[in-house]
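In: coords please:
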Amino acid sequence: MSIQDLEFTHKLADSADKISMARFGAMDLKIETKPDLTPVSDADRSVEEELRKLIANYSPQDSIIGEEFGHDGGGNREWILDPIDGTKNFVRGVPFWGTLIGLRVDGQMTTGMVSAPALGRRWFGATGLGSFLQTKTNSFQSERKLQVSKVSKLEDAYLGYSSQDRWEKKSQEEEFEKLLKKVWRARGFGDFIIHMMVAEGSLDLAMEPSLAIWDMAALIPIIREAGGNVTSLNNGDPLIEKSLVTTNGLLHEQTIRLFS
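Out: This is a model prediction of the structure:
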């Protein structure tokens, strides 16, 4: 794992934050509907365009997979980008959105960056280097190492999820209802934030039944380096099976068993 790559993700996040924050809450924000009926703003496209330029200058041989402009290039190093995860929040002025930047090398996620500038928070990690939370305000900046919780029973666990209707669409509503009844507490924060709360130890597990590769890639190294476990609902590779379960590790087998 390259420290240089991790440092570069901070530069990417800095550039993304400047663009996205300048457009957050802007009266002239342009919003369109994509073919899958999800919104996209001019900020989504501007952020991804800038990140692609910076990556091309940093390492021209690397390939890029982005939500807005698809897959370019080949080779064993792939940058996976979600310029604004939580676009629905972004366009409504809700601060729970962020830029997700992941690096996959030889098929393995090695580096992850999640920057949520409207919250003043940035999560990042890399294989063998740990994962961290950086908190920024106008007056101070702090950084701490991330560590998942030690909760070992579902009955004591705090669960994060996106929305219940997504489980209906996947015909897994019954299994999800069982989990909701089993855990101590559950809240539908949605998007990247629930998985980063698992890495922080604030939540004990989080799950989503259907996601794209750019929704998940950056999260994986951060959670694993915090001591957590990341799989699909079938206990496989989330980037292939397109579902995501993140836990503190102690709860993983119990959770997966409910959906098997």
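In: number of nearby residues for A218?
Out: A218 is flanked by 32 other residues according to other Cβ atoms under 10 Å. (C-beta placed from N, C-alpha, C; glycine too.)
In: so what pLDDT did it get?
Out: Here the pLDDT value assigned to A218 is 98.
In: and it, what is it in contact with?
Out: By Cβ atoms under 8 Å, 6 or more residues apart in numbering, A218 lies in contact with I80, D82, L100, I101, G102, G112, M113, V114, F192.
In: Likewise for Q164?
Out: E173, F176, G188 are the contacts of Q164 under Cβ under 8 Å, 6+ apart.
In: again, 10 Å this time
Out: E173, F176, E177, L180, A186, G188 (Cβ atoms under 10 Å, 6 or more residues apart in numbering).
In: Weed out the non-buried ones from these.
Out: F176, A186 (16 or more other Cβ atoms under 10 Å).
In: sorry, back to before: select only the buried ones of the contacts of A218 in PyMOL?
Out: Restricted to buried positions by 16+ other Cβ under 10 Å, the PyMOL selection for the contacts of A218 reads:
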select buried, resi 80+82+100+101+102+112+113+114+192
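In: Could you export the contacts of A218 as JSON lines, including pLDDT?
Out: JSON lines is the format used below for the contacts of A218 (pLDDT from 0 to 100):
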{"residue": "I80", "pLDDT": "98"}
{"residue": "D82", "pLDDT": "96"}
{"residue": "L100", "pLDDT": "98"}
{"residue": "I101", "pLDDT": "98"}
{"residue": "G102", "pLDDT": "98"}
{"residue": "G112", "pLDDT": "98"}
{"residue": "M113", "pLDDT": "98"}
{"residue": "V114", "pLDDT": "98"}
{"residue": "F192", "pLDDT": "96"}
